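Colleague: what's the 3D shape of this:
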Amino acid sequence: MFKNKTILITGGTGSLGQALTKRLLEMDANTIRIFSRNESKQIEMEDNIKDDRLRFFIGDVRDYERLIKAVEDVDFVFHAAALKHVPKIEYNPFEAIKTNILGSENIINACLTHNVEKAVCISTDKAVSPFNTYGATKLLMERLFVSANYHKGKNKTKFSCVRYGNVLGSRGSIVPKFVEQIMSGKKITITDPNMTRFNITMDQALDFIFRVMKNSFGGDVHIPKLDAYKVGDMKDVVSELLNAKT
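Modeller: Next up is the predicted model:
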């Protein structure tokens, strides 16, 4: 499906973006455009993944003019750019709206302008009955992508969403946080050990995203069936693996 295609990944320097890039390179993509606003992470990624098919675009999804240039001649778009840290977003809700909602609108309009074949946005289980700003912005992102299929006119672009839980071991998730706290001798911070998290591995997330990109028909939100775990149980497992006393 991706052979000889040009692909854009927003938020491409994140954990998911880098994993997507590696898999797409194996699938013989012609060009992969990495769109992100952090030049340091782009340099690190370029050093770690040396491939002439990669193109690095410094830009922000808030900047529509920059997006228009990035999306030109693109076949598929993976929209993974977002502000996602709940406490920071609660303190800076206006910034989250600009990135997660208005930035997603910019992606949609850029895709329609260039008649992209398919665009898939990466959502979260926190978009279900959201009780924090992050979840609310992701829910609205989903609604924008779904509704885009009804006002796209004669454009061929198909917009779809994937919604899953926490990617095990991704940057900013609880496992790396627990490891960092244990290794540095800090107290493990848990609000409530009985809290649950839906869990998915990176490989499972990639397989799911590619399946949606291949089979989506536009206006659809895809949700995998996932196992859940208690945060307290995960803390105990990580502590046992690291032979730590907590």
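
Colleague: what are the phi and psi angles of the residue nearest the centre of the chain?
Modeller: Central residue of the chain (C-alpha atoms, centre = their mean): A80, 3.2 Å from the mean position. The phi and psi torsions at A80 (degrees, to the nearest 10) take the values phi -120, psi 0.

Colleague: need the phi and psi values for F56.
Modeller: Note on F56: its backbone torsions stand at phi -110, psi 120 [degrees, to the nearest 10].

Colleague: re earlier: count the neighbours of the closest residue to the residue nearest to the centre of the chain other than its chain neighbours for me.
Modeller: Sequence neighbours aside, G11 is the residue nearest to A80 in space, at 3.9 Å (criterion: C-beta to C-beta, 6 or more residues apart in numbering). C-beta coordinates here come from the backbone N, C-alpha and C atoms, glycine included. Residues contacting G11 under the criterion other C-beta atoms under 10 Å number 24.

Colleague: next: F94.
Modeller: 8.

Colleague: let's verify it: helix, strand, or coil?
Modeller: helix (DSSP: H, G, I helix; E, B strand; the rest coil).

Colleague: gap between it and T133?
Modeller: Look at F94 and T133: by C-beta to C-beta, to the nearest Å, they are 10 Å apart.

Colleague: over to H85?
Modeller: For H85, the distance to T133 (C-beta to C-beta) stands at 11 Å.

Colleague: and those two? which has more neighbours close in?
Modeller: Neighbour count, other C-beta under 10 Å: between H85 and T133, T133 has more, with 20 against 13.

Colleague: surely that one touches E95?
Modeller: No: contact criterion C-beta atoms under 8 Å: T133 and E95 do not qualify, at 10.0 Å.

Colleague: mind listing the shared neighbours of the two?
Modeller: Between them, T133 and E95 have I89 as joint contacts when contacts are counted by C-beta atoms under 8 Å, 6 or more residues apart in numbering.

Colleague: could you pull out the helices for the protein?
Modeller: Per DSSP state H, the chain carries helices over the ranges 15-26, 39-48, 64-71, 86-91, 93-96, 103-113, 133-148, 174-183, 202-215, 231-241.

Colleague: make JSON lines out of those helices and add distance to V167 and mean pLDDT.
Modeller: Conversion of the helices of the chain to JSON lines gives the following (distance: least, C-beta to C-beta, whole Å; pLDDT from 0 to 100):
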{"stretch": "helix 15-26", "distance to V167": "7", "mean pLDDT": "96"}
{"stretch": "helix 39-48", "distance to V167": "17", "mean pLDDT": "96"}
{"stretch": "helix 64-71", "distance to V167": "24", "mean pLDDT": "98"}
{"stretch": "helix 86-91", "distance to V167": "16", "mean pLDDT": "95"}
{"stretch": "helix 93-96", "distance to V167": "20", "mean pLDDT": "98"}
{"stretch": "helix 103-113", "distance to V167": "20", "mean pLDDT": "98"}
{"stretch": "helix 133-148", "distance to V167": "15", "mean pLDDT": "98"}
{"stretch": "helix 174-183", "distance to V167": "10", "mean pLDDT": "78"}
{"stretch": "helix 202-215", "distance to V167": "5", "mean pLDDT": "95"}
{"stretch": "helix 231-241", "distance to V167": "14", "mean pLDDT": "79"}
